[in-house]
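*Asks:* Here is my input; please provide its structure:
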Amino acid sequence: MKTLLILLLVLAVLFLLLLLLLRPDPSARKKMAPFVGRRYAHRGLHCAQDGIPENSLPAFRRAVEAGYGIELDLHLTTDGRLVVFHDDTLDRVCGVTGRVDEKSYAELQQLRLLGTEERIPLFSEVLDIVAGKIPMIVEVKYQKNYPALCEKMMSQLRDYTGLYCVESFHPQVILWMKNHAPAVARGLLSDRYTEGEGNMTRLTPATWASQQLLFNWLTAPDFIAYKFEDRKGYCLRACVRTWGAQEVSWTIRKKEDLLACEADGSIPIFERFDPDEP
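*Replies:* The predicted structure is shown next:
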């Protein structure tokens, strides 16, 4: 009987410790309140059939005109320019080999997006189009010089009066935001990582910990952006339900999933359809 009581006590302590590890920023709900009730176009309101590629100026302009928020991705070039592009490499979108962060801005300007005449845009160009009219979810892509990327991003946003928040798959980026820009809402991206798939192709203890949100105690995120299909895990539910972190769901490609997401209190990031169309 005594052994059983000790075991139950240990399990209770471990459970409380897990809850503490999952704790977000105490002011998470307040910081995220302005973003709730909006729908966010993934990489802009792009449409391949209409020749509007992802993360392009026309895609962002189209989202602004439709009144949707946008999600976009940032890289830093070798000459210190912030460009908007999703993949780490150029193969899929531009048809050439090489990493984005190993190219200069001039080199990137020679490329085109998905067979169109559109070029990789600067973050400053996107800010000019958005101009505070819609909210933005800005994903910082992880690279070795991520502090320089974050510093450049915040310098460009210093005088920007529009609504934005910052997210990343890498806890170090979120920790940088916590330490250097604590007033800006920050979020951790995650999903059920599978070997050879997704944003982390090699399963490691760090990958597993990120999947389970166990870096929250260090980074104190305001929101958790989790893959919609993989969002039913205990750690995510505890972080949202117990501690009050805002949930964001990506990437939604069906109207019924978007409605289910909103009914559950999550913020949807969608693509490949227009939610306002019947």
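*Asks:* which residues does Arg99 contact?
*Replies:* The contact partners of Arg99, by C-beta atoms under 8 Å, 6 or more residues apart in numbering, come to Asp88, Thr89, Leu90. Backbone N, C-alpha and C define where each C-beta goes, glycine included.
*Asks:* Mind checking which of those residues are buried?
*Replies:* Asp88, Leu90 (16 or more other C-beta atoms under 10 Å).
*Asks:* what about Phe228, how many neighbours?
*Replies:* 21 (other C-beta atoms under 10 Å).
*Asks:* any idea which element the closest residue to it other than its chain neighbours lies in?
*Replies:* Leaving out its chain neighbours, the residue that sits closest to Phe228 by C-beta to C-beta, 6 or more residues apart in numbering is Ser249, at 4.3 Å. Using DSSP states H and E, the element containing Ser249 is strand 246-252.
*Asks:* any weak-confidence spans in the stretch 51-200 of the chain?
*Replies:* In the predicted model, the stretch 51-200 of the chain carries pLDDT under 70 at residues 193-200.
*Asks:* That one: strands as residue ranges?
*Replies:* 69-76, 82-84, 136-140, 164-168, 186-190 (DSSP state E, counting those that start in this stretch).
*Asks:* and those strands, which is most packed in?
*Replies:* strand 186-190 (a mean of 27; mean count of other C-beta atoms under 10 Å).
*Asks:* and whatever helix or strand comes next after that one, what other elements does it pack with?
*Replies:* Next in sequence after strand 186-190, counting helices and strands by DSSP H and E, comes helix 205-211. Contacts defined by 3 or more C-beta pairs under 8 Å, 6 or more residues apart in numbering; DSSP states H and E place helix 205-211 against strand 186-190.
*Asks:* Now tell me what touches the strand it packs on from outside.
*Replies:* Contacts for strand 186-190 (C-beta under 8 Å, 6+ apart): 25, 137, 139, 165-169, 171, 174, 177-178, 199, 210-211, 213, 215-216, 219, 221-227, 236, 246, 248, 250.
*Asks:* Check stretch 102-114 too.
*Replies:* Residues contacting stretch 102-114 (C-beta under 8 Å, 6+ apart): 48, 53-56, 77-79, 81, 83, 85, 90, 93-94, 96, 100, 118-120, 122.
*Asks:* bridging residues for the residue nearest to Phe228?
*Replies:* Beta-bridge partners recorded for Ser249 (DSSP bridges): Tyr226, Pro268.
*Asks:* coming back round to it: distance between the strand holding Ser249 and the chain's centre?
*Replies:* Distance of strand 246-252 from its chain centroid, counting by C-alpha atoms, centre = their mean, to the nearest Å, is 9 Å.
*Asks:* what does it contact?
*Replies:* Contacts of strand 246-252 (C-beta under 8 Å, 6+ apart): 28-29, 32, 35-36, 42, 71, 137, 167, 187, 189, 222-228, 231, 236, 240, 258, 261, 264-271.
*Asks:* So how do I select the buried members of these in PyMOL?
*Replies:* Burial among those is assessed by 16+ other C-beta under 10 Å; the matching PyMOL selection reads:
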select buried, resi 28+29+32+35+42+71+137+167+187+189+222+223+224+225+226+227+228+231+236+240+258+261+266+267+268+269+270+271
